[in-house]
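Engineer: Mind folding the following:
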Amino acid sequence: MDEQASSGPGNVPDYTVSEISGAIKRTLEGAFGRVRVRGEITEFKRYPSGHLYFSLKDEGGKIASVVWRGSVSRLGLVPENGLEIIASGRISAYGERSSYQLVIDRMEYAGEGALLARIERLRLRLAEEGLFDAARKRAIPFLPRLIGVVTSAQGAVLHDIRTTVSRRFPRSLLIWPVAVQGEGAAAQIAVAIAGFDALRPGGAVPRPDVLIVARGGGSLEDLMAFNDESVLRAAAACRIPLISAVGHETDTTLIDFVSDRRAPTPTAAAEMAVPMRAELLADLAHRAARLDNGLGRVMQGLRMRLERAGGRLPDLPRLLDTARMRLD
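Structural biologist: Residues are numbered from 1 along each chain as shown. As a prediction, the model looks like this:
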C-alpha cells in the first residue's frame, strides 16, 4: 500500500477512495488466491445471461458467489438451494461496491452425508408425484426380438450383457453408448432413454422391446448420474419396459424405484431380459413326451372301447350262412 506525501493528524497517511479500494482488492485476492469453500447453497438464481448467482452459508457466515456462464457446463454437478457443496474458485473484490464474492468454477458434493440428504429429498418429492407406484410398472416381454442397452461402450458391463444374452438365448442388441459418471453423464443417459422411446415401430432404426440401463459398481458419487432427476423422469416417461442394473448388489439408486424391474447386476439384467433357450427346449421336449403319452393312452382307451363294442355285435357271416341254408 503506497503512502501519500501529505500527513494528517497523528501522522496518518491520506488515501483516495480508489487507492484504498484497489489496495484492499490486491490484498484480498493476493492473500487467498485459489480456495476451496464448504457451505450450503442458498438464494440461488439463474439469470437469462446464463450466469448463476447464490450464496454459500454455514452456521457462522455467508459469502456471495457467482458461476459465470462459461463455467456452468464444467461445474461437475447441478447446483440447487439446500445442497451442501465444496466449491473451488477464487476471491474477487469490487471496490465500486465495497464488496467481494467467490467466483466458482468447480463444485463437488460435501461428503456422502450431503449426497444422501439430496437423494432423500428427491426421493420423497418423486414418491409424492407417484413415479414409484407399482401400478406404473410394465411387464417385461417373455422373448424380446431386440434389446436396447444404455451403458458405457468401454468396460465389462457391456461384455457381460452380450455374453449372457448370447449364452441364454441369442437376441439382437442395440447399444446407445453413454458416459456413466462425471460431467454430462446424466444428460447423456436421459437423452439415450428418451431417444430409444422416440423410435417408431417399423422405422428405419428398429424399436427395442425392452431396455437395460446399466453400469458397474462405484462410490456413491460415481453413481449420482442415476439419481439425477432428468434421468428419473426420462425413465418414468419411457414406454418401453426398462430394467435397471446399476452398481453392485448392495447399491441402490433412484432409477431402481422408477424402472419396471431392478436387477442386482448387469448380468442379472440380461438374465431377466431373455429366457434360457436350453430350458425352453427341455420344457418343450417334456411337454411333447407328455402329449405323446397322453395321446397313446387315449388311443389305447378308444381301441378297447371299439373292441368291446365289436364284441357285442352279432356274427354277421354266421347269420348270412343260416339265411342261405333256410333259403336252400
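
Engineer: mind checking the longest strand of this protein?
Structural biologist: strand 34-46 (DSSP state E).

Engineer: buried sites along that strand?
Structural biologist: 37, 39, 40, 41 (16 or more other C-beta atoms under 10 Å). (Each C-beta comes from the backbone N, C-alpha and C, glycine too.)

Engineer: And residue 261, its phi and psi?
Structural biologist: phi -140, psi 140 (degrees, to the nearest 10).

Engineer: Just grab the bridge partners of it for me.
Structural biologist: Beta-bridge partners for residue 261, by DSSP bridges, are residue 243.

Engineer: packing partners for the strand or helix carrying residue 176?
Structural biologist: Taking DSSP states H and E as the definition, residue 176 sits inside strand 172-177. Judged by 3 or more C-beta pairs under 8 Å, 6 or more residues apart in numbering; DSSP states H and E, the packing partners of strand 172-177 are strand 146-151, helix 156-168, helix 185-198.

Engineer: Out of those, the one nearest residue 291 is which?
Structural biologist: helix 156-168 (25.8 Å; C-beta to C-beta).

Engineer: Mind checking the pLDDT average for that closest one?
Structural biologist: Mean per-residue pLDDT for helix 156-168: 94.

Engineer: repeat for stretch 13-21
Structural biologist: Mean predicted lDDT for stretch 13-21 stands at 82.

Engineer: Kindly report the same for stretch 274-281.
Structural biologist: 84.

Engineer: check which helix or strand covers residue 230.
Structural biologist: Per DSSP H and E: helix 229-237 holds residue 230.

Engineer: ok, and what's touching that helix?
Structural biologist: Identification of contacts with helix 229-237 by C-beta atoms under 8 Å, 6 or more residues apart in numbering yields 122, 126, 131, 136, 186-187, 189-191, 193-194, 197, 213, 225, 242, 244, 254-255, 258-259.

Engineer: how far off helix 185-198 does it point, in degrees?
Structural biologist: Orientation check (axes from the mean of the first three to the mean of the last three C-alpha atoms, to 10 degrees): helix 229-237 against helix 185-198 gives 20 degrees.

Engineer: buried set for helix 229-237?
Structural biologist: Under 16+ other C-beta under 10 Å, the buried positions of helix 229-237 are 230, 231, 232, 233, 234, 235, 236.

Engineer: Quick one: distance of that helix to the chain centre.
Structural biologist: 8 Å (C-alpha atoms, centre = their mean, to the nearest Å).
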